[in-house]
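Participant: I'll drop the sequence and a predicted model, then ask my questions.
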Amino acid sequence: MVSVDSVTSGTQTNERSSATKNYNELSKVAAEEFKYWLNPLQPRIDIANDTSSLANGSDKIEQILKEIIAESGAGIDIGHVHGYGMQSVHPTVSITWPNGTKILYGPITPKRCSDVIQETQDGPSSHLKDLVIGQINGEPGEIRSIRDHPFFSCEPNERRLLANLGITDPDSLNHAIATGSYKATARIIGRRMPEGRVRDSLIAAGLTGRGGASFPTGVKWNFLAGAQGNDHYVVCNADEGDPGAWVNRVVMEGEPHALIEGMLIAGLATGSKTGFIYLRDEYPLAIARVERAIQNAIDNQLLGKNILGSELEFNLRVIRGAGAYVCGEETGLLSSIQDSRGMPRIKPPFPAQVGVFNLPSNVNNVETYATVPMILRHTSEWYKELGTESMTGTRVFSFSGDIQQVGFMELPFGTSLDKILDSCGGIITPTGEQGKLYAIQSGGPLGSLLPSHSIDQLILENASFGPWDAIMGAGGIVFIGEGTHILVLNELFSEFVEEESCGRCTTCHGGNQRQTEIVRRIISGGGRRDDAPNLKLVDDLLQHSNCVHGQFSPKTMRNTLQHFRNDYEDAVAGYDPTLTLSGMYELEIIDQTDPLLDEAATICPKGQFEGETGNWSINMSGCVRCGACIDIAPNAIQKKALARSPRVIPIG
Amino acid sequence: MPLETESTLRIRSIIKDFKPNNGDLLAALHAVQHELGYLSKEALEVIADQFKMFTAEVYGMASFYDEYRFDPPARTTIRWCSGPACRTRNSTGIRDAMLATLDLDEMGEQTEDGQCGVVLGQCNGTCEIAPMVWIEEHKAYEIPVGKLTAAKSIKLVRALRSGSRIEDVLNG
């Protein structure tokens, strides 16, 4: 189909044709700056600066490195980039030498900081050989390319949306422009590309919504463009509330200008002058970074009035959420922007008819908007080269749970989950040994729990999850190893959907309350034979809720009854081989001579240890089963299953 | 609206740039909570006045969201991550251990002297350090502490309870 390159210029106003000139000027300045970023005059250490790196102490590493540089007077610069993807080796640094070689190292501990400085001065692999992850840029040398790292083996050779992650400074507009940002905007404005063309090329590329529902983006934009009136709004759903998914965070912290340009193009393509980014409160760094990027764009005439010198206008604002999961539902989100409770309402009318402030609006996910500019920069055909027939292109996925390497990857749709688990280093137990897969969680609390044997048949595509009564969701996938009972996860999700129900539908707030009660009772050892039929009743009832929150909230429990029936029935009968359900085990002291027992007795938060050294006993009546004493004296105290035979279900 | 006092004037100055029907209420509530630590009844009245709403409407809106508090926060708040990656690593044990150590019945409570409180937190995708908590002091710091065990969390909470400085607790 069309790419912006192939659009021939129509009649142009002078303002419009000057857009190309203005962009070229910006681009020239940016290219000059970026050249010295890639080939600096003196070596530069880039410290990964994102939520995950900071949680792993990257700020401390930066401080130490700066102190050493100041003390030694070494000619070394410090820069910032986003982490590359492997969060388990955070905090990372990358060193860029004047010849353009850029190598990624991690994890960096305070003790190794002086080695980082030495390495910077003496060249690659001189002092930090053991911490090399891979080479990001420069002439191939002895060190393997980061693209050959096993963790990235499922990624395409070249990343698309995350192409600049770990290379550019996300706070720099010049870096963004130098790597192609706003190029598509300049072409759309400068060549007077008809609005419909943009939407057609998205439809041709097969871009679908990344929030989970996978609705074709171009079609959605057509609704807004065709809506009544002149005042339309573009809204970005950045309320990424699914626990275990942090795809939007990566995009906003790593490529804020991709999102901003995507929304700007949406504005141009649908005749909207205002955009809102509804960003969750749990991502303070993303909020700061996106707000800074917006300001930078305004300062350079890329947002606000007279974009690139033309008559066009688009204003963008960040709305900071306040911790309500249900605001991720589009009508809940719209109502939250309008100074009220974030309660979803019945559709229709759809947001394209009645949205923010009762005016037509379009709501898309962060990644959907962020993908738009690159489709227009390249071509729809190029975009479709990766992915499957029904889901084209790539998307970012985050992987966590009991795996060796926690992190995020940009993967083509259709990648097999089995391969992904391999590239994550497989399942590990809490003690660090190789473990076995027990369950796969996708799609967050309103998503699914899949059994381990499903992994051979699962690929990253909605259709592949369908036969398991599952959804792929918004990009977060959690691998769970043996050693955790499925009901532990059911409790988590039941509790979550109950807490986060907006309270409008009785089916949802009442039904979820009931579901949580039943799950908790089973966990505490009080399972009953009619629990399964009752859970089924709750499930049926929840289908009558108005929004997807209620309709999808019993899904994980339903999956448990479908795919983990034996484990469920054992638990109802009071038998749990994993010993993670609090009502199904006791603690037993097996070695009174262990010297660690005395400490275990003092750690008990309830003071349930009775006796004295050499003669301890635990009073189980007050025990909260936190496991602290086992943490201290693992060889002296162990869990013992309560004596009940498996799979004999009590009546009543 | 009752007579203006020094504190109502202060609240007014915090929210002076926010306008009604402009999608500003969430931001106004954030701003006031950031300055005062929580949303007092007085603050809600002033905000309602500014936004031309009833106080009950503002309270109704604010109470819908988990992040807004209507009582002063504890000196040190422990935000416990409730995500799935933490859950497979005994995070419920950590939660129960912390609550038991502080003698609290449930999440959201704080000790009688206001020294420590435990609140529920949401996953922000730093699952490589699961199970984790965030230790917060209003306007001072918010520090993620990861790779916890129940025993470590009890030691952490006991130290914070006794008023130790956060730097000493984490380095010691």
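Facilitator: Great, that's in hand.
Participant: going forward, measure contacts between C-alpha atoms and count neighbours the same way
Facilitator: Will do.
Participant: give me the number of residues near the residue in chain B that chain A sits nearest to?
Facilitator: Proximity of chain B to chain A (Cα to the nearest Cα) peaks at B:Gly93, 3.7 Å away. Neighbours of B:Gly93 under the rule other Cα atoms under 10 Å in any protein chain shown: 22.
Participant: quick one: secondary structure of it?
Facilitator: Following DSSP: H, G, I helix; E, B strand; the rest coil, B:Gly93 is assigned to helix.
Participant: up against chain B, what does the stretch 51-200 of chain A have?
Facilitator: A:Thr51, A:Ser52, A:Ala55, A:Asn56, A:Gln87, A:Ser88 (Cα under 8 Å from any Cα of the partner chain).
Participant: PyMOL command to pick out the buried ones of these?
Facilitator: Command for PyMOL that selects the buried part of those, burial taken from 16 or more other Cα atoms under 10 Å in any protein chain shown:
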select buried, chain A and resi 51+52+55+56+87+88
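Participant: helices - which of the residues of the stretch 51-200 of chain A next to chain B land there?
Facilitator: When DSSP state H defines the helices, the subset of these inside them is A:Thr51, A:Ser52, A:Ala55.
Participant: the first one and A:Leu285 touch, don't they?
Facilitator: It stands for A:Thr51. Yes. If you go by Cα atoms under 8 Å, A:Thr51 and A:Leu285 touch, sitting 6.7 Å apart.
Participant: let me see the contact set for B:Gly125.
Facilitator: Residues near B:Gly125 by Cα atoms under 8 Å, 6 or more residues apart in numbering or on different chains: A:Ser52, A:Pro243, A:Gly244, A:Ala245, A:Trp246.
Participant: please redo it, this time with the cut-off set to 10 Å
Facilitator: A:51-52, A:87, A:242-247, A:249-250, A:283, A:398-400, A:406-408, A:476, B:83, B:85 (Cα atoms under 10 Å, 6 or more residues apart in numbering or on different chains).
Participant: now, these that are in strands?
Facilitator: A:Ser398, A:Phe399, A:Ser400, A:Gly407, A:Phe408, A:Gly476 (DSSP state E).
Participant: which other helices and strands contact the helix or strand of chain B with the lowest mean pLDDT?
Facilitator: Between all helices and strands in chain B, the lowest mean by mean pLDDT, DSSP states H and E belongs to helix B:166-171, at a mean of 85. Applying 3 or more Cα pairs under 10 Å, 6 or more residues apart in numbering or on different chains; DSSP states H and E, we find helix B:166-171 packed against strand B:133-137, strand B:141-145, helix B:150-161.
Participant: using CSV, please lay out these together with mean neighbour count, distance to A:Asn164 and mean pLDDT.
Facilitator: Formatted as CSV, these follow (neighbours: other Cα atoms under 10 Å in any protein chain shown; distance: least, Cα to Cα, whole Å; pLDDT from 0 to 100):
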stretch, mean neighbour count, distance to A:Asn164, mean pLDDT
strand B:133-137, 21, 30, 96
strand B:141-145, 17, 27, 94
helix B:150-161, 21, 38, 96
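Participant: quick check, the residue in chain A closest to chain B?
Facilitator: Closest point on chain A to chain B, by Cα to the nearest Cα, is A:Cys626, at 3.7 Å.
Participant: separation between that residue and B:Gln110?
Facilitator: 20 Å (Cα to Cα, to the nearest Å).
Participant: please apply the same query to A:Ile403.
Facilitator: Distance from A:Ile403 to B:Gln110, by Cα to Cα: 35 Å.
Participant: neighbour count winner among the two?
Facilitator: The neighbour count for A:Ile403 versus B:Gln110, taken as other Cα under 10 Å, is higher for A:Ile403 (29 against 24).
Participant: give me the pLDDT for the more buried one.
Facilitator: pLDDT for A:Ile403: 97.
Participant: what sits closest to it if chain neighbours are left out?
Facilitator: Once flanking residues are discounted, A:Ile403 sits nearest to A:Ile427: 4.5 Å by Cα to Cα, 6 or more residues apart in numbering or on different chains.
Participant: and the residue nearest the centre of chain A, what is it in contact with?
Facilitator: Centroid-nearest residue in chain A: A:Trp246, 1.7 Å away (criterion: Cα atoms, centre = their mean). Contact analysis of A:Trp246 by Cα under 10 Å, 6+ apart lists A:240, A:283, A:396-399, A:407-408, A:474-476, B:123-127.
Participant: what does A:Glu240 give?
Facilitator: A:211, A:246-249, A:278-283, A:325, A:327-328, A:365-366, A:474, B:123-124.
Participant: secondary structure class for it?
Facilitator: coil.
Participant: quick check on it: phi, psi?
Facilitator: For A:Glu240, the backbone dihedrals (degrees, to the nearest 10) come out as phi -70, psi 90.
Participant: try A:Asn362
Facilitator: The phi/psi pair for A:Asn362 (degrees, to the nearest 10) is phi -120, psi 130.
Participant: what does A:Asn358 give?
Facilitator: In terms of degrees, to the nearest 10, the main-chain angles of A:Asn358 are phi 60, psi 20.
Participant: I figured it was touching A:Gly229, is that so?
Facilitator: No. Counting by Cα atoms under 10 Å, A:Asn358 sits too far from A:Gly229 to count as a contact (11.4 Å).
Participant: higher neighbour count, these two?
Facilitator: Per other Cα under 10 Å, whichever of A:Asn358 and A:Gly229 has more neighbours is A:Asn358, with 14 against 9.
Participant: for the chain, give me the ranges with low pLDDT.
Facilitator: Assuming you mean chain A. A:1-15, A:643-652 (pLDDT under 70).
Participant: ah, no, chain B please
Facilitator: Residues of chain B that meet the cut-off, pLDDT under 70, sit at B:1-2, B:172.
Participant: now do the strands in it.
Facilitator: Assigned by DSSP E, the strands in chain B fall at B:76-81, B:116-121, B:133-137, B:141-145.
Participant: distance to chain A for these - can I get that in CSV?
Facilitator: As requested, the strands of chain B are exported to CSV (distance: least, Cα to the nearest Cα, whole Å):
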stretch, distance to chain A
strand B:76-81, 10
strand B:116-121, 9
strand B:133-137, 10
strand B:141-145, 6
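Participant: closest one to A:Lys66 among those?
Facilitator: A:Lys66 lies closest to strand B:141-145 among the strands of chain B, at 21.4 Å (Cα to Cα).
Participant: direction included, what does the closest one pair up with?
Facilitator: Paired neighbours of strand B:141-145 in the sheet (DSSP bridges): strand B:133-137 (antiparallel).
Participant: okay, buried residues for the longest helix that chain A contains please.
Facilitator: If each helix of chain A is counted by residues according to DSSP H, the longest one is helix A:14-38. Neighbour counts over helix A:14-38 (16+ other Cα under 10 Å) mark A:15-20, A:22-23, A:26-27, A:30-31, A:34, A:37-38 as buried.
Participant: widest-spaced pair of those?
Facilitator: A:Glu15 and A:Leu38, at 34.1 Å, using Cα to Cα across those.
Participant: and residue 126, what does it touch?
Facilitator: Going with chain A. A:Asp115, A:Val116, A:Gln118, A:Glu119, A:Thr120.
Participant: wrong one, chain B
Facilitator: Counted by Cα under 10 Å, 6+ apart, B:Thr126 has contacts A:51-56, A:87-88, A:244-246, A:400, A:406-407, B:85, B:132, B:144, B:146.
Participant: cool, B:Gly114 as well?
Facilitator: Contacts of B:Gly114 by Cα under 10 Å, 6+ apart are B:Pro72, B:Pro73, B:Ala74, B:Arg75, B:Thr76, B:Thr77, B:Arg161.
Participant: ok, the second one - contacts?
Facilitator: It stands for B:Pro73. Here B:Pro73 is in contact with B:36-38, B:108-110, B:114-117, B:136-138 (criterion: Cα under 10 Å, 6+ apart).
Participant: count the neighbours of residue 119 for me.
Facilitator: The chain I'm using is chain A. A:Glu119: 17 neighbours (other Cα under 10 Å).
Participant: chain B is the one I meant
Facilitator: Count around B:Val119 with other Cα under 10 Å applied: 18.
Participant: likewise A:Gly141?
Facilitator: Other residues within reach of A:Gly141, judged by other Cα under 10 Å, total 10.
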